[in-house]
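Novice: Following is a predicted model, sequence given first.
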Amino acid sequence: MNLLKRIAPISLVFVLSLLTILPLFNSGFFPMHDDTQPSRVFEMTKSLKLGMFPVRWVFDLGYGAGYPIFNYYAPLAYYFGSLFVLIGFNVLVSTKIMIGTGVILSGVFMYLFAEKIWNKRAGVVSSLFYMYAPYHAVNIFVRGAVGELWAYAFIPLAFYGALLVYRNGKWRNLVIFSLGFAGIILSHNLTALIVTPFLLIFILILSVMLYKENKKKRIYLLFLSFFLGILLSSFYFLPALLEIDKTNVSSQLIGGSEFGKNFVCITQLWDSPWGFGGSVPGCVDGMSFKIGKLHVVFSLLSFFLAVISIFFLRKDKKIKNSALVAILISLGLMISVFLTLEVSRPIWEFIKPMKFIQYPWRFLGLVSFFSSLLIGFTIWVLVKKAKRIGFLIAVLMIIILVFFSLKFFVPQKTVLVDSTYYTSEIALKWRVSKISDEYLPKSFIKPKTQEEALKNRVIFSFEETTIQKTANIISLASFFMLILGIIPWLKKRKHG
């Protein structure tokens, strides 16, 4: 019975997560903005089969000339997808597994974090609001942003790991934090750029609390975990950062992708038409940037409930402390919303690296994170004050959420294609290459016709640069540091 109580909440999260990915179980595939995903899984697998690790170079993209896409484009999701190709699944099925796993992990990891902050019932509610956020559906079925989708899953894991280190400075918690942060970087470097300042603020808040509690060793462990996460992912991000000038990626920072042309109007955050088009200047876009009406309403409810708790329930120390946590989460939410709006332009212009984020609406990932986490506070208070009522309201919120949000988790259409549609020579060297060619050298002359592209043949002669080799060594050394820390803990568990 105790085991059932422990696994029931996370089992419910898993079951309801399957509803968001039902279209992945259909035959064929669906069109998306970044319609390159099966092709990238195929190319990653091809490079792995030739013994390349870490994979940096692919052979058929780049109009048949080949280019080091995984030297610059975060590779973690594609390593995962390739595993299924290597064990016998076709490329299309493997891509669907890759996407579906990213969605499920977002719910599971958010549950783990929210349950630690609040309680099991609040954890379930927060995790489902996170998973069912409209922006999550946009990334899956509109944009096809697999890297951002996977980073979205690792955000709560990184915060969860930091919280575990704060509460218990055991090595296994350090590993969770390091892997969670490395997971964000290796999934989507731009999400890492967005999340890192907030994660550092969280670490600093925890450090202040640890200092007051005279637990200074854990402060060291918090920052060690953070830097180990950076070092673990350095095989990817160091070369991407230091060798970016060899590519034409700067072309993505002008024109329609310039941040100044992609701010969100505040009315769009409340409601904007659902569509499968793109982002354009102004308040009428081809895609939706809504936070979710339920997310907005229940976040405001939680915020006002936290304020009331601080002023009127001050004698209950536990409620007061949790209310303060809710206020801090609200502050993170407000900052994230602010950075999507035109009024934040001076900050974007002052902090130069922010231009690489391209789209201010990418902060909707953090908006979804903070709002979903904040909503859990309402359930926590209700369960504490009236357990049965809290339970019934949690169930009602989940039913309403699924009923009104599930309509977003569908593609525009399903096309009955098989793997060859994405892996044929024409697809790789022409159709898919045209979608993403910014990592080609600046001097590369792009073919003007399909026939020209098909004539290209690359002879593999890729050799890692000194920067890449150094980054590999740093990541490998960091990995062994984690392993060497885990072994004593495992031995202790075995004998203890």
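Specialist: Happy to help now that I have it.
Novice: gap between stretch 108-126 and the chain center?
Specialist: 18 Å (Cα atoms, centre = their mean, to the nearest Å).
Novice: And stretch 319-333, by the same measure?
Specialist: 23 Å.
Novice: Just the mean pLDDT for it, thanks.
Specialist: For stretch 319-333, mean pLDDT is 93.
Novice: Only the buried residues of that stretch, if you could.
Specialist: 319, 322, 323, 325, 326, 327, 328, 329, 330, 332, 333 (16 or more other Cβ atoms under 10 Å). The C-beta positions use only the backbone N, C-alpha and C, and glycine is treated the same way.
Novice: show me where the stretch 51-200 of the chain has helices.
Specialist: Assigned by DSSP state H, counting those that start in this stretch, the helices in the stretch 51-200 of the chain fall at 76-86, 91-117, 120-131, 134-137, 146-167, 171-187, 189-212.
Novice: next one: phi and psi at residue 188?
Specialist: For residue 188, the backbone dihedrals (degrees, to the nearest 10) come out as phi -160, psi 110.
Novice: Number of residues surrounding it?
Specialist: Neighbours of residue 188 under the rule other Cβ atoms under 10 Å: 27.
Novice: List the contacts of it.
Specialist: 74, 145, 147, 148, 150, 151 (Cβ atoms under 8 Å, 6 or more residues apart in numbering).
Novice: what's the spacing between it and residue 200?
Specialist: For residue 188, the distance to residue 200 (Cβ to Cβ, to the nearest Å) stands at 18 Å.
Novice: Not counting the helix or strand hosting residue 349 itself, show me its contacts.
Specialist: Using DSSP states H and E, residue 349 sits in helix 345-350. Helix 345-350 is contacted from outside by 259, 260, 263, 339, 354, 355, 360, using Cβ under 8 Å, 6+ apart.
Novice: what does stretch 334-343 contact?
Specialist: 263-266, 269, 289, 291, 344, 347-348, 360-361, 363-364, 366-367, 370.
Novice: Only C-alpha atoms, please: export the helix holding residue 349 in PDB.
Specialist: Extracted C-alpha coordinates of helix 345-350, given in PDB (Å, rounded to 0.1, in the frame of the first residue of the first chain):
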ATOM      1  CA  ARG A 345      14.000  46.400 -25.400                       C
ATOM      2  CA  PRO A 346      16.600  48.500 -23.600                       C
ATOM      3  CA  ILE A 347      17.700  45.400 -21.700                       C
ATOM      4  CA  TRP A 348      18.000  43.400 -24.900                       C
ATOM      5  CA  GLU A 349      20.100  46.200 -26.400                       C
ATOM      6  CA  PHE A 350      22.300  46.600 -23.400                       C
END
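Novice: So, low pLDDT: which residues of the protein?
Specialist: Along the chain, the parts satisfying pLDDT under 70 run over 1-4, 250-256, 313-315, 456-462, 485-496.
Novice: Now residue 341, what are its backbone angles?
Specialist: Dihedral angles (degrees, to the nearest 10) for residue 341: phi -100, psi 160.
Novice: do the same with residue 441
Specialist: Main-chain torsions, residue 441, degrees, to the nearest 10: phi -60, psi 150.
Novice: Pull the number of nearby residues for the residue nearest to it when sequence neighbours are not counted.
Specialist: Spatial nearest neighbour of residue 441, excluding adjacent residues (Cβ to Cβ, 6 or more residues apart in numbering): residue 246 at 6.3 Å. Around residue 246 there are 17 other residues, counting by other Cβ under 10 Å.
Novice: before we move on, what about residue 393?
Specialist: The number of residues packed near residue 393 is 17, by other Cβ under 10 Å.
Novice: any idea how far it lies from residue 117?
Specialist: 18 Å.
Novice: do the same with residue 230
Specialist: Residue 230 is 25 Å from residue 117, by Cβ to Cβ.
Novice: Please look at residue 126 and residue 373 and confirm they touch.
Specialist: Yes - with contact defined as Cβ atoms under 8 Å, residue 126 counts as touching residue 373 (5.4 Å).
Novice: Buried only: go through the contacts of stretch 334-343 for me.
Specialist: Buried, going by 16+ other Cβ under 10 Å: 263-265, 269, 289, 291, 344, 348, 360-361, 363-364, 366-367, 370, out of the contacts of stretch 334-343.
Novice: quick check, nearest of the residues you listed to residue 135?
Specialist: residue 364 (4.1 Å; Cβ to Cβ).
Novice: hang on, the closest one in a helix?
Specialist: Yes - with DSSP: H, G, I helix; E, B strand; the rest coil as the criterion, residue 364 is part of a helix.
Novice: dump the residue contacts of the closest residue to it other than its chain neighbours.
Specialist: The shortest distance from residue 364 to any non-neighbouring residue, by Cβ to Cβ, 6+ apart, is to residue 135 (4.1 Å). Counting by Cβ under 8 Å, 6+ apart, residue 135 touches 289, 291, 364, 365, 367, 368.
Novice: mind checking how far residue 135 is from residue 370?
Specialist: Separation of residue 135 from residue 370 (Cβ to Cβ): 12 Å.
Novice: No further queries at this time; thank you.
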